[in-house]
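In: Have a look at this prediction, sequence included:
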Amino acid sequence: MSTTQSERLRALLEPLVSSQGLDLEEIEVDSVGRKRVLRVVVDSDTGADLDRIADVSRALSAKLDETDAMGEGEYTLEVGTPGAERLLKEHRHYVRAVDRLVKFELAEGGELVARILKVDDDGLDLEVPGVKGRKATSRRLAFPEIEKARVQVEFNRKDKKEGEA
């Protein structure tokens, strides 16, 4: 998708997404044979349930139908939320990932897997899990130290019980 089309679509759709209490995270247009697919990814601090996704999808579809932003050809609109292993790019993404396990690729090289405990304007307070029976350790990571960060799926996490620190 050209930058111009991407910018036009973002300018057109972002106010509608915002009016639904959501953030417009991504816009992507793919060609699948003769058809095109417009994928719109939305999210919020509280997540987006199916009803909110359906509402925003209807609003976006109506807006796109009344404009020529997608041109004359046929296309399919897909609206969804970020996947379970989402890439963290914006400050708000890190805030939404508090208490999640994240794999960091560090700017200095190397990787770190840690749980985000707290996010502020300068960086993150992390808990690095202990290895081979050792206790977890704390670490501070400034945003410039992070090359890339992706949430990790945890299948066997034991959630803290109510009243535990």
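Out: It's in.

In: if I look at the spatially most central residue of the chain, how far off is residue 35?
Out: Centroid-nearest residue in the chain: residue 82, 4.7 Å away (criterion: Cα atoms, centre = their mean). Residue 82 is 24 Å from residue 35, where distance means Cβ to Cβ, to the nearest Å. In short, each C-beta sits where N, CA and C put it, glycine included.

In: ok so, going back, check contacts around the residue nearest to the centre of the chain.
Out: Taking Cβ atoms under 8 Å, 6 or more residues apart in numbering, we find residue 82 in contact with 25-26, 41, 43.

In: Format these as JSON lines; extra columns: neighbour count.
Out: Converted to JSON lines, those look like this (neighbours: other Cβ atoms under 10 Å):
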{"residue": "25", "neighbour count": "19"}
{"residue": "26", "neighbour count": "15"}
{"residue": "41", "neighbour count": "20"}
{"residue": "43", "neighbour count": "20"}
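
In: which one in this structure is furthest away from the centre?
Out: The C-alpha centroid of the chain is most remote from residue 133, which lies 32.8 Å away (Cα atoms, centre = their mean).

In: That one looks like it's in a helix, true?
Out: No - the assignment for residue 133 is coil, going by DSSP: H, G, I helix; E, B strand; the rest coil, so no helix is present there.

In: let's number from 301 now, not from 1
Out: Okay, using 301 as the starting number, the last item reads as residue 433.

In: what separates it from residue 338, distance-wise?
Out: Residue 433 is 50 Å from residue 338, by Cβ to Cβ.

In: how about the strands in this structure?
Out: Ranges of strands in the chain, per DSSP state E, are 323-332, 335-343, 375-380, 401-406, 411-419, 423-428, 437-442, 446-451.

In: With respect to residue 387, which of the ones you listed lies nearest?
Out: strand 446-451 (5.3 Å; Cβ to Cβ).

In: for the closest one, what is the average pLDDT?
Out: Averaging pLDDT along strand 446-451 yields 95.

In: swap in stretch 356-366?
Out: The average pLDDT within stretch 356-366 is 93.

In: buried stuff in that stretch?
Out: 356-357, 359-360, 364 (16 or more other Cβ atoms under 10 Å).

In: what does stretch 328-339 give?
Out: 336, 338.

In: Now find how far off-centre it is within its chain.
Out: 21 Å (Cα atoms, centre = their mean, to the nearest Å).

In: Let's see the distance spanning it from one end to the other.
Out: When the termini of stretch 328-339 are compared using Cα to Cα, to the nearest Å, they are 5 Å apart.

In: What average pLDDT does that stretch get?
Out: Here the average pLDDT along stretch 328-339 is 86.

In: If anything else comes up later, I'll come back, but that's it for now.
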